[in-house]
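Colleague: I need the structure of the sequence given here:
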Amino acid sequence: MKPAARPRGGPPNEVRLIGGQWKRSKLPVADRPGLRPTPDRVRETLFNWLGQDLDGWRVLDAFAGSGALGFEAGSRGAAEVLLLERDPALVANLNAQRQRLKADALRIERADAMAWMRASAPARFELVLLDPPFDAELAAPAAQAAAPLVVPGGFLYVEAAAPLAEPPAGFDVHRAGRAGAVSFQLFRRGYTAAVDPTRTSP
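Modeller: I've put the predicted structure just below:
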């Protein structure tokens with residue numbers, strides 16, 4: 001989540017992972033304009049909703065930033081976590097934390113999230129995490145691009161300044177909440193949702 005830059009000259013920001021094998025491990029938040037990670041209590045609520053064990057899940061963190069959401073999923077046993085980030089400094093930071101934690105299930109890719117999702121093969125993730133910059137008004141188009149990537153019965157998480165007016169086609173609202181300026185929604189895809197066979201993997 002990127003609604004505002006932290007004050008210049010302040011101490012380095014960190015986020016602490018909440019659960020799983022890397023519980024209490026800290027991730028530094030790089031000093032980049034507009035970067036702020038998902039609040040702790042929002043992450044805690046989200047993973048309470050999902051259950052504490054994501055063993056075997058494939059997860060996409062499409063706007064990775066600090067990596068708080070993606071690393072949290074990896075900490076809880078996800079088999080594969082792909083973090084997309086287009087800022088090269090943030091990509092370098094994510095790779096450094098991956099190496100430090102020996103997070104072999106995580107993969108970092110420098111990419112534009114919207115373009116990557118629109119080109120991706122369908123039905124390849126049990127969970128897609130979307131936390132785009134607030135000022136870009138990307139929540140709705142990102143959810144539309146991400147929806148086909150979710151397997152039937154899988155989950156799509158959207159964090160934004162305001163909730164989506166309606167779920168993506170084929171999804172239902174599973175849970176929703178608000179914490180200060182942050183609205184967060186967890187959608188679940190129906191088991192009968194069709195996939196688009198014309199989509200190709202990037």
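
Colleague: C-alpha from now on. contacts and neighbour counts both.
Modeller: OK.

Colleague: contacting residues for residue 174?
Modeller: Residues in contact with residue 174, defined by Cα atoms under 8 Å, 6 or more residues apart in numbering, are 185-188.

Colleague: tell me the phi and psi of it?
Modeller: Dihedral angles phi and psi of residue 174 (degrees, to the nearest 10) take the values phi -90, psi -50.

Colleague: show me which strand runs longest in the protein.
Modeller: Using DSSP state E to assign secondary structure, the strand with the most residues in the chain is strand 150-160.

Colleague: in that strand, what counts as buried?
Modeller: Applying a neighbour-count criterion of 16 or more other Cα atoms under 10 Å, one finds 150-152, 154-160 buried in strand 150-160.

Colleague: circling back: now distance to residue 122, pLDDT and neighbour count too, for the contacts of residue 174, in JSON lines please.
Modeller: Formatted as JSON lines, the entries for the contacts of residue 174 read as follows, by distance: Cα to Cα, whole Å; pLDDT from 0 to 100; neighbours: other Cα atoms under 10 Å:
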{"residue": "185", "distance to residue 122": "21", "pLDDT": "98", "neighbour count": "21"}
{"residue": "186", "distance to residue 122": "19", "pLDDT": "98", "neighbour count": "23"}
{"residue": "187", "distance to residue 122": "17", "pLDDT": "98", "neighbour count": "24"}
{"residue": "188", "distance to residue 122": "15", "pLDDT": "98", "neighbour count": "24"}
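
Colleague: let me have these in JSON lines, adding secondary structure and distance to residue 179 as columns.
Modeller: Listed next are these as JSON lines, based on DSSP: H, G, I helix; E, B strand; the rest coil; distance: Cα to Cα, whole Å:
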{"residue": "185", "secondary structure": "strand", "distance to residue 179": "12"}
{"residue": "186", "secondary structure": "strand", "distance to residue 179": "14"}
{"residue": "187", "secondary structure": "strand", "distance to residue 179": "18"}
{"residue": "188", "secondary structure": "strand", "distance to residue 179": "21"}
